[in-house]
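**Student:** pasting the sequence and the predicted model now:
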Amino acid sequence: MGATKWAMKGTLLGACSCDWGCPCSFDAPPTRGFCEGGYLWHVEKGNFGGVALDGLSFTWFGHSPAAMHKGNVTWMTVVDEKANAAQREALATLFEGKSGGPWVIFMAVAGKYLGARFAPFELSLDGLKSKARAVGFVEYELGPIMNPVHGTPEELYLDKPTGFTSKRITLGAGKVFRTTAPELSYDHSGKYGEFSHFDYSGETPA
């Protein structure tokens with residue numbers, strides 16, 4: 001059997017426990033020594049071989065006891081429950097971190113992977129006005145960073161050609177970012193948040 005080619009593009013939300021800008025973006029230590037954060041992808045168009053992934057959403061969130069590149073990260077994933085068996089299998093293969101995309105990095109630093117859960121997703125995607133949640137597991141609500149002097153929204157972007165989740169990020173705040181999974185439960189509302197678009201492709205070895 002030959003290798004399976006895949007591609008997907010869409011919208012990506014992120015939030016974590018660190019201060020504005022996220023030190024990880026600059027290869028710096030996390031603000032509080034540890035990092036707790038997550039990403040939520042919404043696939044606008046995608047396929048894994050002959051399996052369409054259009055319209056699916058999924059999220060990764062985790063706990064890193066130190067800088068993420070030092071490893072020992074505990075991860076959990078949640079996939080939209082509307083994914084059929086073939087779609088679930090395709091995403092599970094990508095999540096193994098052997099086929100390209102950001103999950104190569106995530107699994108390279110994993111100490112424990114708690115596996116995938118399935119839940120309904122609720123989405124309202126509009127830049128830094130975006131809200132999304134995997135019901136019963138994690139909730140994201142973005143907002144702008146506010147200027148501390150005159151209280152108006154700041155417009156901030158990070159262009160990073162070497163970025164592995166996206167190449168251009170709109171920097172913001174995580175007005176709400178909380179998880180309620182028993183194994184990974186925390187609330188870092190009011191810390192860092194980001195919005196971006198992603199465009200990935202790769203190949204799963206035969």
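**Tutor:** Good, I have the coordinates. Predicted model, so just to flag it, every value in this text is computed and none were measured.
**Student:** any idea how far Asp126 is from Glu203?
**Tutor:** 33 Å (CB to CB, to the nearest Å). C-beta here means a position set from N, CA and C on the backbone, and glycine is covered the same way.
**Student:** residue contacts, Leu158?
**Tutor:** Gly21, Ser25, Arg168, Ile169, Leu171 (CB atoms under 8 Å, 6 or more residues apart in numbering).
**Student:** quick one: it is in a helix?
**Tutor:** No - Leu158: not assigned to a helix; according to DSSP: H, G, I helix; E, B strand; the rest coil it is strand.
**Student:** that one and Leu171: what is the separation?
**Tutor:** Leu158 is 6 Å from Leu171, by CB to CB.
**Student:** centroid residue for the protein?
**Tutor:** In the chain, the C-alpha nearest the mean C-alpha coordinate belongs to Tyr39, at 1.6 Å (CA atoms, centre = their mean).
**Student:** which residues sit in contact with that one?
**Tutor:** Residues in contact with Tyr39, defined by CB under 8 Å, 6+ apart, are Leu12, Leu13, Gly14, Thr59, Trp60, Phe61, Pro102, Thr165.
**Student:** Provide the partner residues of it in its beta bridges.
**Tutor:** Gly14, Trp60 (DSSP bridges).
**Student:** likewise Thr180?
**Tutor:** Ser185.
**Student:** thinking again about what came up before, which members of the contacts of Leu158 are classed as buried?
**Tutor:** Gly21, Ser25, Ile169, Leu171 (16 or more other CB atoms under 10 Å).
**Student:** hang on, the earlier thing: quick check: the gap between the residue nearest to the centre of the chain and Thr4.
**Tutor:** Taking CB to CB, one finds Tyr39 at 23 Å from Thr4.
**Student:** quick one: mean pLDDT over stretch 47-66.
**Tutor:** Across stretch 47-66, the average pLDDT comes to 97.
**Student:** can you check stretch 112-120 too?
**Tutor:** 97.
**Student:** now it: buried residues?
**Tutor:** Residues Tyr113, Ala116, Ala119 are the ones in stretch 112-120 that count as buried (16+ other CB under 10 Å).
**Student:** ditto for stretch 184-201
**Tutor:** Quick answer for stretch 184-201 (16+ other CB under 10 Å): Leu184, Tyr186, His188, Lys191, Tyr192, Gly193, Glu194, Phe195, Ser196, Phe198, Tyr200.
**Student:** what is the nearest of these to Gly49?
**Tutor:** Relative to Gly49, the closest of those is Tyr200; by CB to CB it sits at 14.8 Å.
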